[in-house]
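Sequence and predicted structure, then a few things I'm wondering about:
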Amino acid sequence: MTIEEEIKAIQDEIDKTQKNKATEHHIGRLKAKMARLKDDLIKQAMSKGGGTGGYSVKKSGDATVTLVGFPSVGKSTLINKLTDARSEVGAYEFTTLDVVPGSMEYRDAKIQILDLPGLVKGAAAGKGRGREVISVIRGCDLILMILDVFNFDHIAVLEKELYDAGIRINQRKPDVTITRTLKGGVVVTSTVDTTIDHETIKTILGEYKIHNALVNIREDITADQLIDVVRDNRVYIPAVLVLNKIDLVDKEHLKKFPKDAIKISADRELNLDVLKETIYDHLGFINIYLKPQGDKADLEEPMIMRGGATVGDVCDRLHKDFRRKFRYAKVWGDSAKHAGQRVGVDHTLCDGDILTIIIQK
């Protein structure tokens, strides 16, 4: 039996099992088994992706965005309109066979955008070039899920393929910690009421051979979220739904799609400015102004960083030796307790901060 067949058999058993308190532990165990099998497919994707044929993509710029969608939804046209890329465009499926990178400059930020081969149903299980494509998606900062106006059902299929590949869109990692211990069994503490009961938690951990651990839960979670925490190989990436080819239908047709979808026509260049602004906002950029020691700060050309960046992250961007030679830094702005506060590499910066870095000579 192949991995795909094992997964299907487990899913069939879950579907036919009546959902109630008596079966909760059994379903939790089945989900844990299925998650482990799906992880085997992810490992295959990571080992086969990033090789030859255009899938070894060097990240550049201030952030990386991937265009994800089924074949012929207009990804190639879109990247050509947004960036300096020249991706082949054709009225047939699988025009793009390799990853095509492009660079978009917007509000001082340099954003790398990747046009990927179209996903197909079953991509997470290795169909088409799904494994290679997924390996690239897992390393990006933002996903643009591209649909066309004639395929509403693609939304659910895309979301499922990403989920099965261990990619959690528009979610954050559950606030749960699991600390293995040498003895004492599984001890669960929680600061909130949880949907999942303690016995199911122990059952799921047991499926992964964790029989002694301290589990601290600080938010309500499901069995699937607990499995994500146990596996610790999920990636949490923001995503934006982009509806393309709106020039081909009337407004009534568009009402079936989610209201928060960004509605564009790449071919006619409709609403591309809205899309650019949305990309920028979702990437959470902040401006950091550098101040050489004993000189004025450069307030004309900020360094663009992602929200949550530290002084160490700035060091890494400036020069490969800056972190190694780092002595201390001074900060002016919202992240500082007082003007010119002396800080270390782990200090988290805020938008608009002014930063001086002192290194060894």
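Yes, it's here.

now the strands for the stretch 251-361 of the chain?
262-263, 285-290, 303-306, 326-332, 341-343, 354-359 (DSSP state E, counting those that start in this stretch).

per-residue confidence at residue 89?
Per-residue confidence (pLDDT) for residue 89: 62.

how about the strands of the stretch 251-361 of the chain, which one is nearest residue 234?
strand 303-306 (19.5 Å; C-beta to C-beta). Quick note: C-beta positions are derived from backbone N, CA and C, even for glycine.

so how far is residue 168 from the spatially most central residue of the chain?
By C-alpha atoms, centre = their mean, the chain has its centre lying nearest to residue 237, at 1.9 Å. As for residue 237, its distance to residue 168 is 7 Å (criterion: C-beta to C-beta, to the nearest Å).

any common contacting residues for those two?
By C-beta atoms under 8 Å, 6 or more residues apart in numbering, residue 237 and residue 168 have no common neighbours.

what's near enough to touch residue 145?
So residue 145 contacts 68, 69, 155, 158, 159, 169, 239, 240, 241, 242 (C-beta under 8 Å, 6+ apart).

The last one: neighbour count?
Other residues within reach of residue 242 by the criterion other C-beta atoms under 10 Å amount to 26.

What of the second one?
Residue 69 has 24 neighbouring residues, counting by other C-beta under 10 Å.

quick one, what contacts it?
With the criterion set at C-beta under 8 Å, 6+ apart, residue 69 makes contact with 75, 118, 119, 145, 146, 147, 154, 158.

The residue nearest to the centre of the chain contacts residue 136, correct?
No. With contact defined as C-beta atoms under 8 Å, residue 237 does not count as touching residue 136 (11.9 Å).

returning to that earlier point: turn the contacts of residue 69 into CSV, including distance to residue 331, pLDDT and secondary structure.
Output for those, formatted as CSV (distance: C-beta to C-beta, whole Å; pLDDT from 0 to 100; DSSP: H, G, I helix; E, B strand; the rest coil):
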residue, distance to residue 331, pLDDT, secondary structure
75, 41, 91, helix
118, 46, 74, coil
119, 43, 72, coil
145, 38, 96, strand
146, 40, 95, strand
147, 43, 94, strand
154, 46, 89, helix
158, 42, 91, helix
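
which of those tops the neighbour count?
Busiest of these [other C-beta under 10 Å] is residue 75, holding 30 neighbours.

if we can go back for a sec, out of the contacts of residue 69, who's nearest residue 251?
residue 147 (16.8 Å).

any idea how far residue 119 is from that closest one?
In terms of C-beta to C-beta, residue 147 sits 12 Å off from residue 119.

Need the overlap of contacts for those two.
Counting by C-beta under 8 Å, 6+ apart, the residues touching both residue 147 and residue 119 are 69, 158.

low-confidence ranges in the chain?
41-57, 87-97, 120-130 (pLDDT under 70).

Break it down into its domains, please.
3-48+174-231, 63-171+235-283, 285-359 (automatic domain parsing).

among those, which is the most enclosed?
domain 63-171+235-283 (a mean of 19; mean count of other C-beta atoms under 10 Å).

For this protein, list the residue farthest from the centre, please.
residue 294 (40.4 Å).

how near is that one to residue 330?
Distance from residue 294 to residue 330, by C-beta to C-beta: 11 Å.

Likewise for residue 159?
46 Å.

okay but residue 115 is in contact with residue 77, surely?
No. Between residue 115 and residue 77 there is no contact under C-beta under 8 Å: 9.6 Å.

Show me what the one helix or strand residue 105 maps to pairs with in its sheet, parallel or antiparallel.
Residue 105 belongs to strand 100-106 when assigned by DSSP states H and E. As defined by DSSP bridges, the strand partners of strand 100-106 come to strand 109-115 (antiparallel).

Contacts for the strand it pairs with, please.
57, 59-67, 75-76, 78-79, 82-83, 85, 87, 96, 99-105, 136, 140, 279-280, 283, 285, 304.

Pop out the phi and psi values for residue 210.
Note on residue 210: its backbone torsions stand at phi -110, psi 100 [degrees, to the nearest 10].

hang on, the earlier thing: what's the angle from the strand holding residue 105 to strand 285-290?
Relative orientation of strand 100-106 versus strand 285-290 (axes from the mean of the first three to the mean of the last three C-alpha atoms, to 10 degrees): 70 degrees.

what sits up against strand 100-106?
54, 57, 60-61, 76, 79-80, 82-87, 110-115, 276-277, 279-280.

With just CA atoms, put it into PDB.
Extracted C-alpha coordinates of strand 100-106, given in PDB (Å, rounded to 0.1, in the frame of the first residue of the first chain):
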ATOM      1  CA  VAL A 100      10.600  32.700 -12.700                       C
ATOM      2  CA  PRO A 101      11.800  35.500 -10.400                       C
ATOM      3  CA  GLY A 102      11.000  39.200 -10.700                       C
ATOM      4  CA  SER A 103      11.600  42.300  -8.600                       C
ATOM      5  CA  MET A 104       9.000  44.800  -7.700                       C
ATOM      6  CA  GLU A 105      10.000  48.200  -6.100                       C
ATOM      7  CA  TYR A 106       7.200  49.800  -4.100                       C
END
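
Work out the gap between it and the centre of the chain.
Its chain's average C-alpha position is 18 Å from that of strand 100-106, according to C-alpha atoms, centre = their mean, to the nearest Å.

Equivalent analysis for stretch 156-164, please.
13 Å.

how close does the residue nearest to residue 335 when sequence neighbours are not counted get to residue 210?
Of all residues not flanking residue 335 in the chain, residue 350 sits nearest, at 4.1 Å (C-beta to C-beta, 6 or more residues apart in numbering). Counting by C-beta to C-beta, the gap from residue 350 to residue 210 is 39 Å.
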